[in-house]
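Participant: my questions concern the predicted model and sequence given below.
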6 protein chains.
Amino acid sequence: MLKLVLPKGSLERATLELFEAADLAVSRSSAVDYRGSVDDPRIEEVKILRPQEIPTYVAEGLFDLGITGRDWIAETGADVVSLGELHYSKATARPIRMVLAVAGDSKAQRVSDLPGGVRVSTEYPRLTERFFAEHGVAADVRLSYGATEAKVPDIVDAVVEITETGRALRAAGLRVIDTILVSYTELVANPASHADPERRHAMGQLQTLLRGTLEARGRVLVKLNVGEADLDGVIALLPSLRSPTVSRLFSSEHDFAVETVVPKAEINTLIPALRDAGASDIIELPIAKIVH
Amino acid sequence: MLKLVLPKGSLERATLELFEAADLAVSRSSAVDYRGSVDDPRIEEVKILRPQEIPTYVAEGLFDLGITGRDWIAETGADVVSLGELHYSKATARPIRMVLAVAGDSKAQRVSDLPGGVRVSTEYPRLTERFFAEHGVAADVRLSYGATEAKVPDIVDAVVEITETGRALRAAGLRVIDTILVSYTELVANPASHADPERRHAMGQLQTLLRGTLEARGRVLVKLNVGEADLDGVIALLPSLRSPTVSRLFSSEHDFAVETVVPKAEINTLIPALRDAGASDIIELPIAKIVH
Amino acid sequence: MLKLVLPKGSLERATLELFEAADLAVSRSSAVDYRGSVDDPRIEEVKILRPQEIPTYVAEGLFDLGITGRDWIAETGADVVSLGELHYSKATARPIRMVLAVAGDSKAQRVSDLPGGVRVSTEYPRLTERFFAEHGVAADVRLSYGATEAKVPDIVDAVVEITETGRALRAAGLRVIDTILVSYTELVANPASHADPERRHAMGQLQTLLRGTLEARGRVLVKLNVGEADLDGVIALLPSLRSPTVSRLFSSEHDFAVETVVPKAEINTLIPALRDAGASDIIELPIAKIVH
Amino acid sequence: MLKLVLPKGSLERATLELFEAADLAVSRSSAVDYRGSVDDPRIEEVKILRPQEIPTYVAEGLFDLGITGRDWIAETGADVVSLGELHYSKATARPIRMVLAVAGDSKAQRVSDLPGGVRVSTEYPRLTERFFAEHGVAADVRLSYGATEAKVPDIVDAVVEITETGRALRAAGLRVIDTILVSYTELVANPASHADPERRHAMGQLQTLLRGTLEARGRVLVKLNVGEADLDGVIALLPSLRSPTVSRLFSSEHDFAVETVVPKAEINTLIPALRDAGASDIIELPIAKIVH
Amino acid sequence: MLKLVLPKGSLERATLELFEAADLAVSRSSAVDYRGSVDDPRIEEVKILRPQEIPTYVAEGLFDLGITGRDWIAETGADVVSLGELHYSKATARPIRMVLAVAGDSKAQRVSDLPGGVRVSTEYPRLTERFFAEHGVAADVRLSYGATEAKVPDIVDAVVEITETGRALRAAGLRVIDTILVSYTELVANPASHADPERRHAMGQLQTLLRGTLEARGRVLVKLNVGEADLDGVIALLPSLRSPTVSRLFSSEHDFAVETVVPKAEINTLIPALRDAGASDIIELPIAKIVH
Amino acid sequence: MLKLVLPKGSLERATLELFEAADLAVSRSSAVDYRGSVDDPRIEEVKILRPQEIPTYVAEGLFDLGITGRDWIAETGADVVSLGELHYSKATARPIRMVLAVAGDSKAQRVSDLPGGVRVSTEYPRLTERFFAEHGVAADVRLSYGATEAKVPDIVDAVVEITETGRALRAAGLRVIDTILVSYTELVANPASHADPERRHAMGQLQTLLRGTLEARGRVLVKLNVGEADLDGVIALLPSLRSPTVSRLFSSEHDFAVETVVPKAEINTLIPALRDAGASDIIELPIAKIVH
């Protein structure tokens, strides 16, 4: 029922792994095929295309639902409905930033310090022109086909470039002076498809599976035993994400089994604290999906 | 107590991974050693040999239990007891088919359209001869040492070959006109060993572990909370593989914790449906083994 | 609060995987950086340095806590407090042994059979000298820079070398005649840091996480259903690591859900036995951490 | 004295290998550095940048000499002087073709068969617009960011794409209906630099080394002995690339040593023919460079 | 004009490298295609098929010329004309031997020591049966599908197997007691094709190129200068493969330039000897082909 | 006749490639075997051992001839005869330097600026102690087991370390303040063996082959034709390494063929200059060995 378009290239692998973990595995006849299918009644077809072109295709109605970056949604200015961010990327769950950078020894501290006629290389010419116009700088913006950071200072004076850690820019001797955009991967819909109740319901269900999978990556299930006397103290330590499931042990009237989901990032301090508070037989299990 | 023989070659890796997941890990001094051992009181020795030869060795009593393909059981005609299929293979859980294929531009639509004296290349000469004889065609069957599909039309007129997707045959310009056999991996026993009650019991236990592992690959454990009012509706949605475990939450009289095992393939529609039906705090956990 | 030092080299990868699994992931700017950090309030800094040098650094107070092998603690004779063994290594959970080996055709059966002036090559000269002195043999001990086993018989008469399986020594034609030391990886602390109550408490908590992770590698969670009549029989079969959690099924008064943690190594016999004893719907789940 | 710019990306490796073979090895601090240097008095600096941008940079005078493809020279319409083709590419010495392709079942046989408003995806929008305008077709040309062939027929009706063998286009179900351009790698110069006699002389010398290296790849040196009677016959068989060097053997008045350079592609027929004509002791040697 | 068949599998890579070095490069659309072509007027088509089947196909006239091992020519007993050995193989220029091997602790010292009914596993059943029959032993010969050496002593009593160094047999605990055949790679022709003068001439020319290439692998060209007084002494040291080319230096009446081809294996002693004998400016050049 | 010892580890691969190119290929049963052999009458046995231990073994007479670095000859102070440097190493022909380095922000400019008690980490403790003693600084020198540069400033104040480009030291934030030694790979002999005329002669011959191979790596053979009028001019351009071989062309009285060996590094300027001076048909050939 829904036509989906997923990003080819640097996000491709992470996106397909997410879909597989969400039980929406994409089948393709080969790893370079741009056509895929998902064995799911809500998904009619899947294509894997360049993220730069996805906002336009979704806006034009060639697809109902797509995944792409906020950077390309902004660059194209395409008319799509954002269903929200999906926090994953090539390697980490961190967003990428689109920044303005100049030579390390330039005196400019912000965009407005740059002179008229400043040469700027970027893969995002429209967004860059808008940004400079908003700051009243008449820039000479040039389309870059890659290796943008290598062009300062010989070929251009500044670049507008995306970066995850800033390492590549620093390694090329550049200094970041402004952040134009923080870009996460987003789920975007065609406005007409989204206005249709049935399709919107299906989109919501897919989003539930994708988000449930992403959220589970940072959570674990903790199970423990505790005596009546320590029960309240142990429960007070548990993060309040979800009320814990408490059950009395059959074998021993005054002992309880407690289980709850906690963020992985807190486990290193939580488990020792639980043990100090009287919990015993603490075990931690991996989880595959979580839906509130 | 039991002597086991496992298949060397294309199934070797998948078989050893299955045994490890079934807590029957096979130790070898090196990855090319044909002798292994399992730290299990029921298994006396393990050898890893060619699947073509396994039916004969099991029939002759050199081993009590073996794993091989139905294709070789049929080709050798060996006298073994099949304990049933194990649904795994090199890459997928799909079976392989043994087919008869001819040149793409041949006019034959079925085996009986082929003329007497038709030259047929195959790695399964006995099975092929039997098949042609049953259909009343006097074929000139030749043993192939591999690359069988490359021999049509210059060297032979037809081939009998195994295939998973048919892609290699089509790529060589061939057309399938008959399916001779559908072949799964099978667990086979020596008839005398199988007649012995103690050995048969041990075989059954190993089979339980192997099947429990394979079955778990397609299942997950789902846990959820639900209020009294929605309990019946939620339970009605659950697949009936196994009755769900329902327990009243200690913290809240009118809420229940439900847990059950469901097929992975249904998760993509089940989780959204459960949520629509009033379930909350749904989590999904991977499972390693399942035994009914 | 604590300064940690972890071993570079052959144990590095396994150590970093252990820390990640223990939710104490070590971040480094690159895979060859010797400086790391852990996002944990108890850990002030992490360095990754050669295991040979770690005992000395911990003894001198450059670090509060370190991980290294018993072999280097013994060789350096450094004044550190051992918090106990951590059973993991490059590939397996087995310890390494430090052995004395001679040419395969030597007549020596034990160290005391070796003559005065015997030439011995080793990477552990101090420990080797102490060992020979204790046995009253005046050996000519020489520092080896590696490939120690290759030096017998042309260059030296015997070697003192570590080995996991003895295979490399046998392949070089040597014969082991004495075991000097069995060496596990250990967690060692600076004595002054360990005397400080606050630091000792933090060290204990880290040890809990590391041990809980290592222990979980050999355990699984088993869940099963059983009728009232078979409950005692099934429970009697369960290993007594931890008392099982038993709960009455809501749906059926006379049926129980049982769950417990069992060693992976017993699963191959336990599951068939449970089934024979009346358990049904047995499932096995992987666990990530276990703390008693 | 000369500033050089070489292509980053698919041609990078082959270009750097060519420069090394031409004894103009480019040193870089790492394989991803865009700045290089050559230990040669004629070369002041080397940069490695995207081939798409090279024609513009050379035309603007940022570099004196560059290497890029004819496709990008045509697309940018940059004002550069071509010093001629260099016959090498990623894998072979064949050129790439820029073609117009449509769906396999389209009825169009040439560009003029396409209707007004035809949607065309391409990485070469300017060249494509010019080409359609020349043929009187008002096309809707869209910039492609890659995977262009995957867009027919769902997203566009035709593509303009480069291809070496046509295989990727055929695999995507497309049919080529026109060739717009045949594109070799070219050596291009800035017009002002080329007008300067000293720089033009230096450019010519570099070109001599690069061409001499490329030409040597298809040549070998053949040496043979022949008696006086057969000398003319043998010489008549030799390709006339270069007059053979003939010298009388010191040891035998009536015998001659002949050596000459011949195309590798003719060796398979030439050597047997020479032997049939009376040559003996024929040897073939690889050559590294040839300059006429 | 000639139809060629080359061996697929373990010899494939070395064979294709030989053909390329011989300027008879085989083109295929992909590395797994069994059909190839050579840009040579003497070669009409090339197929790459299993070496086991090649003797039969050449004998039946499906091909004029083929490359396969002596082992398969003997096993099939096919009626082909051998044009001689080509000394190359997977890794070395050494032949393989077909041997009879038994368990290391067997008392048999030769084939005739084996009892009637001895079970023998082999991939060469016909040759093995003939061999045992010639020695008057009634063996139970069984077709092996690989891993033959693993079957002694549990499954069979002896094996007939090919080996290059004997290492795999020794590693499996076997002992070689007889050599049945020494097998080189051979060039074989169909008898009728070989009887045809034109085809035989073409076969001879191909053989010249292949042998010239193989021979060149073990040869180098040596050039040196020498004064008149030392000329005879130096020439006397040169191997007599080919008379050296001697020419008087233009620059110096009494000095000579000498060049000759020598076996690589003698270079390590020849060059020092030449220098001791008065030669100077000795250089050694690689050669690609040599035809006497 | 000679016993050789070659360096295991970082130089191993380059050393074995050098021996193979010098027609002294070392055979080993496997790539980790420390025992080798060379099919050469002058070489009795070859062992491959750690470079740190080689000077001592050669001095003690366990080997006649060895290859190791100057750094270890100096560190051990072993009594060996150096036959000279062999200019090759892991990646380049450049030497390594042993340097003294301190923290980047240290004020020390030379060794004498360091205070008494300065802590120094090094893999060369004896050489380092000697160096500090010569400069009157009482250093606390500690044996390092690797990753030496990571120890400044936390663990030590300075390091003595080898470096090829200084990059690793700079990356660790260190600054080089003194060079203690420049270290090439050297050929070293046992003094007694070297005093024996026959062995010394054999050593000289091996050295000739090794040096001839190394020298050839930087040389090519150039052949050209030139008319009588331009002959002197062309010859004047040729480097004077070796007098060129000039011969009159048989075919044309007034033309000459010239051939000579020239350094590869000069080819980029020489070939264009030769052509400008009237040479034609210039070809360049690779050479494998050169002995003056």
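Facilitator: Thanks, I have the structure now.
Participant: so who does the residue of the stretch 1-150 of chain A found nearest chain F touch?
Facilitator: Here the residue of the stretch 1-150 of chain A nearest chain F is A:G104; by CB to the nearest CB that distance is 17.4 Å. (Each C-beta comes from the backbone N, C-alpha and C, glycine too.) Contacts for A:G104 (CB atoms under 8 Å, 6 or more residues apart in numbering or on different chains) come out as A:G173, A:L174, A:R175.
Participant: in stretch A:143-152, what counts as buried?
Facilitator: Residues A:S144, A:Y145, A:A147, A:T148, A:E149, A:A150, A:K151, A:V152 are the ones in stretch A:143-152 that count as buried (16 or more other CB atoms under 10 Å in any protein chain shown).
Participant: farthest pair in the residues you listed?
Facilitator: A:Y145 and A:V152 (15.7 Å; CB to CB).
Participant: picking up where we left off before, adding distance to chain F, pLDDT and neighbour count, write the contacts of A:G104 out as TSV.
Facilitator: What follows is the contacts of A:G104, written out as TSV (distance: CB to the nearest CB, whole Å; pLDDT from 0 to 100; neighbours: other CB atoms under 10 Å in any protein chain shown):
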residue	distance to chain F	pLDDT	neighbour count
A:G173	16	87	14
A:L174	19	93	26
A:R175	21	94	18
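Participant: these in strands, which ones?
Facilitator: Counting by DSSP state E, the part of the contacts of A:G104 found in strands is A:L174, A:R175.
Participant: where does the residue of chain A found nearest chain E land in three-state SS?
Facilitator: Chain A approaches chain E most closely through A:S30 (13.5 Å), counting by CB to the nearest CB. With DSSP: H, G, I helix; E, B strand; the rest coil as the basis, A:S30 sits in coil.
Participant: what is the neighbour count of it?
Facilitator: Other residues within reach of A:S30, judged by other CB atoms under 10 Å in any protein chain shown, total 7.
Participant: which one of the buried residues of stretch A:143-152 is nearest chain B?
Facilitator: For those, with chain B as the reference and CB to the nearest CB as the criterion, the closest is A:Y145, at 36.2 Å.
Participant: ok, that closest one touching D:T56?
Facilitator: No: with contact taken as CB atoms under 8 Å, A:Y145 and D:T56 are classed as non-touching, separated by 10.7 Å.
Participant: so, in contact with chain B or not, stretch A:184-195?
Facilitator: No: Stretch A:184-195 does not reach chain B (CB under 8 Å from any CB of the partner chain); its nearest approach is 15.1 Å.
Participant: so for the longest helix along chain A, mean pLDDT?
Facilitator: The longest helix of chain A (DSSP state H) is helix A:197-216. For helix A:197-216, mean pLDDT rounds to 93.
Participant: for it, packing partners?
Facilitator: The contact analysis (3 or more CB pairs under 8 Å, 6 or more residues apart in numbering or on different chains; DSSP states H and E) places helix A:197-216 against strand A:2-7, helix A:12-21, strand A:81-86, strand A:185-189, helix A:191-195, strand A:289-291, helix B:264-276, strand B:280-286.
Participant: can we see that at 6 Å?
Facilitator: strand A:289-291, helix B:264-276 (3 or more CB pairs under 6 Å, 6 or more residues apart in numbering or on different chains; DSSP states H and E).
Participant: list the contacts for A:L65?
Facilitator: Taking CB atoms under 6 Å, 6 or more residues apart in numbering or on different chains, we find A:L65 in contact with A:L2, A:L4, A:A189, A:M203.
Participant: if we use 10 Å, what do you get?
Facilitator: A:2-6, A:42-43, A:46, A:58, A:80-81, A:83, A:187-190, A:193-194, A:199, A:202-203, A:206-207 (CB atoms under 10 Å, 6 or more residues apart in numbering or on different chains).
Participant: separation between it and chain B?
Facilitator: Relative to chain B, A:L65 is positioned 15 Å away (CB to the nearest CB, to the nearest Å).
Participant: now A:H194
Facilitator: 17 Å.
Participant: and that residue, what does it touch?
Facilitator: A:D64, A:L65, A:V80, A:V81, A:L83, A:V188, A:R200, A:M203.
Participant: now the helices for the stretch 1-150 of chain A?
Facilitator: With helices called from DSSP state H, counting those that start in this stretch, the stretch 1-150 of chain A shows them at A:12-21, A:54-59, A:70-76, A:125-134.
Participant: tabulate those helices (a markdown table), appending distance to D:A139 and mean neighbour count.
Facilitator: Compiled in a markdown table, those are given as follows (distance: least, CB to CB, whole Å; neighbours: other CB atoms under 10 Å in any protein chain shown):
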| stretch | distance to D:A139 | mean neighbour count |
| --- | --- | --- |
| helix A:12-21 | 30 | 18 |
| helix A:54-59 | 17 | 25 |
| helix A:70-76 | 21 | 22 |
| helix A:125-134 | 22 | 18 |
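Participant: nearest to B:D71, out of those?
Facilitator: Ranking the helices of the stretch 1-150 of chain A by proximity to B:D71 (CB to CB) places helix A:12-21 first, at 30.7 Å.
Participant: so that closest one versus strand A:2-7, what angle?
Facilitator: 140 degrees (axes from the mean of the first three to the mean of the last three CA atoms, to 10 degrees).
Participant: kindly export helix A:12-21 (C-alpha atoms) in CSV.
Facilitator: Only the C-alpha atoms of helix A:12-21 are listed here, as CSV (Å, rounded to 0.1, in the frame of the first residue of the first chain):
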residue,chain,number,x,y,z
GLU,A,12,22.4,2.4,3.1
ARG,A,13,23.9,-0.3,5.2
ALA,A,14,22.7,1.1,8.5
THR,A,15,19.2,1.6,7.1
LEU,A,16,18.9,-1.9,5.8
GLU,A,17,20.2,-3.3,9.2
LEU,A,18,17.6,-1.1,11.0
PHE,A,19,14.8,-2.5,8.7
GLU,A,20,15.9,-6.0,9.3
ALA,A,21,16.1,-5.6,13.0
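Participant: centre of the chain to stretch A:43-59, how far?
Facilitator: Centroid separation for stretch A:43-59 versus its chain: 17 Å, with CA atoms, centre = their mean, to the nearest Å.
Participant: likewise stretch A:154-174?
Facilitator: With CA atoms, centre = their mean as the basis, stretch A:154-174 stands 23 Å off its chain's centre.
Participant: hmm, it touching chain C?
Facilitator: Yes: part of stretch A:154-174 sits near chain C under the criterion CB under 10 Å from any CB of the partner chain, namely A:T165, A:R167.
Participant: quick check: buried residues in that stretch?
Facilitator: A:154-163, A:168-169, A:172, A:174.
Participant: sorry, back to before: got CSV for the helices of the stretch 1-150 of chain A, with mean pLDDT and distance to E:S280 too?
Facilitator: Putting these into CSV (pLDDT from 0 to 100; distance: least, CB to CB, whole Å) gives the following:
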stretch, mean pLDDT, distance to E:S280
helix A:12-21, 93, 62
helix A:54-59, 96, 72
helix A:70-76, 95, 69
helix A:125-134, 96, 67
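Participant: chain D: which of those is closest?
Facilitator: helix A:54-59 (6.6 Å).
Participant: which element is the residue in the stretch 101-250 of chain A that chain C sits nearest to on?
Facilitator: Nearest residue of the stretch 101-250 of chain A to chain C (CB to the nearest CB) works out as A:F250 at 3.8 Å. Under the criterion of DSSP states H and E, A:F250 resides outside all helices and strands.
Participant: show me what the nearest residue to it once chain neighbours are set aside bridges to in the sheet.
Facilitator: Among residues not flanking A:F250 along the chain, C:V246 sits closest, at 3.8 Å (CB to CB, 6 or more residues apart in numbering or on different chains). On the basis of DSSP bridges, C:V246 is bridged to C:V258.
Participant: likewise A:V5?
Facilitator: Taking DSSP bridges as the rule, A:V5 bridges to A:K47, A:G66.
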